[in-house]
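**Student:** fold the following.
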Amino acid sequence: MIDDYRAGDVLMLECPFTEATVTEVSRYYVSVRWPWLEVDPQAKNIRWNGQRALPTPEAGEWEIFRTEPAETVVRAGDTCLVGIPATVVHVQAVYHFDPPQVTGMLPRPASCLDLLRQGDTYDPELEDQACALDPAGGEPIRIELLFRPYAFLAPGDEVADRNGRVWRFDAAWDWHPFDGQHSGAPAWPLALLSRNGEPTPEEVATVARATAVGSHAQALEQWTGLTLAQPVAHQR
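**Tutor:** Have a look, this model is predicted:
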């Protein structure tokens, strides 16, 4: 599992299917006794019942965890399997909690990823479009980083492009030109000007080497090919 995540990351998720008991079935949700997390005895005013509700197709929600047999087939009292089949997602937003968030469950999450499924472009009008995931939670999820656009830059970096335009990089598709002309994209190669002050020679060389070939358009093409989505400026 990677230690840090950024908006724009393309991930492959997978969790071994594990036996669980179906506790309740309705038109929109199937509840199962969650086989991994524990009740947080120190949580005040929150008491988790040890179950998790997974949406049926009629709920119109997306959830990375699924049951086998499918949610439309199982009945209360059944034994099923719950897990994550190999699934490609992209990170829309990353949140950090200090201290870790109290949810009634253990472990308490110190961070959370808002994930979008393959084929979904972020729409701020859709409240339940993203699926939240604690990347260091109690479920044995394997997370593989498939692609990080502009992995050689850090949020807040300032760079000059081939045409002499100076840009601030905030996220993969969130660039801010200093000339006030809010259009276009940085033309490679890029020269690193600032990274929390004066960059080191090694940092400058890394950015120059990474952008000596290729282009912003090629990075975008690789990202859209994996996500089957269109980029938007990400929440930070």
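
**Student:** okay, CA-based contacts and neighbour counts for the rest of this
**Tutor:** OK.

**Student:** and the longest helix for the protein?
**Tutor:** Longest helix in the chain, counting residues (DSSP state H): helix 216-227.

**Student:** contacts for it next, please.
**Tutor:** 10, 88-90, 117-120, 147, 149-150, 185-188, 230-231 (CA atoms under 8 Å, 6 or more residues apart in numbering).

**Student:** list the buried residues in it.
**Tutor:** Residues of helix 216-227 classed as buried by neighbour count (16 or more other CA atoms under 10 Å): 216, 219, 220, 223, 224, 226, 227.

**Student:** over to stretch 50-65?
**Tutor:** So stretch 50-65, judged by 16+ other CA under 10 Å, has buried residues 50, 51, 52, 53, 54, 55, 56, 62, 63, 64.

**Student:** element containing the fifth one?
**Tutor:** When secondary structure is defined by DSSP states H and E, residue 54 falls within strand 51-55.

**Student:** give the next helix or strand downstream of that strand.
**Tutor:** Assigned by DSSP H and E, the successor of strand 51-55 is strand 66-68.

**Student:** for that next one, the averaged confidence score.
**Tutor:** Strand 66-68 shows a mean pLDDT of 97 in the predicted model.

**Student:** can you check stretch 147-154 too?
**Tutor:** The model assigns stretch 147-154 a mean pLDDT of 97.

**Student:** let me know the closest of the buried residues of stretch 50-65 to residue 178.
**Tutor:** residue 62 (38.9 Å; CA to CA).

**Student:** okay, and the beta partners of the residue nearest to the spatial centre of the chain?
**Tutor:** The chain has residue 91 as the residue nearest its centroid, 2.6 Å off, counting by CA atoms, centre = their mean. Residue 91 forms beta bridges with residue 115, as assigned by DSSP bridges.

**Student:** show me what contacts residue 97?
**Tutor:** 109, 110, 111.

**Student:** next, format those residues as JSON lines and append distance to residue 174, neighbour count and pLDDT.
**Tutor:** Shown next, in JSON lines, are the contacts of residue 97 (distance: CA to CA, whole Å; neighbours: other CA atoms under 10 Å; pLDDT from 0 to 100):
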{"residue": "109", "distance to residue 174": "27", "neighbour count": "21", "pLDDT": "97"}
{"residue": "110", "distance to residue 174": "25", "neighbour count": "17", "pLDDT": "96"}
{"residue": "111", "distance to residue 174": "22", "neighbour count": "20", "pLDDT": "96"}
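
**Student:** now, which of those lie within strands?
**Tutor:** When DSSP state E defines the strands, the subset of those inside them is residue 111.

**Student:** which of the contacts of residue 97 sits closest to residue 212?
**Tutor:** Nearest to residue 212 among the contacts of residue 97, counting by CA to CA, is residue 111 at 34.8 Å.

**Student:** for that closest one, which non-adjacent residue is spatially closest?
**Tutor:** residue 96 (4.2 Å; CA to CA, 6 or more residues apart in numbering).

**Student:** average pLDDT for stretch 78-92, rounded please.
**Tutor:** The pLDDT scores in stretch 78-92 average 97.

**Student:** quick check: buried residues in that stretch?
**Tutor:** For stretch 78-92, the neighbour count (16+ other CA under 10 Å) marks 79, 80, 81, 82, 83, 84, 85, 88, 89, 90, 91, 92 as buried.
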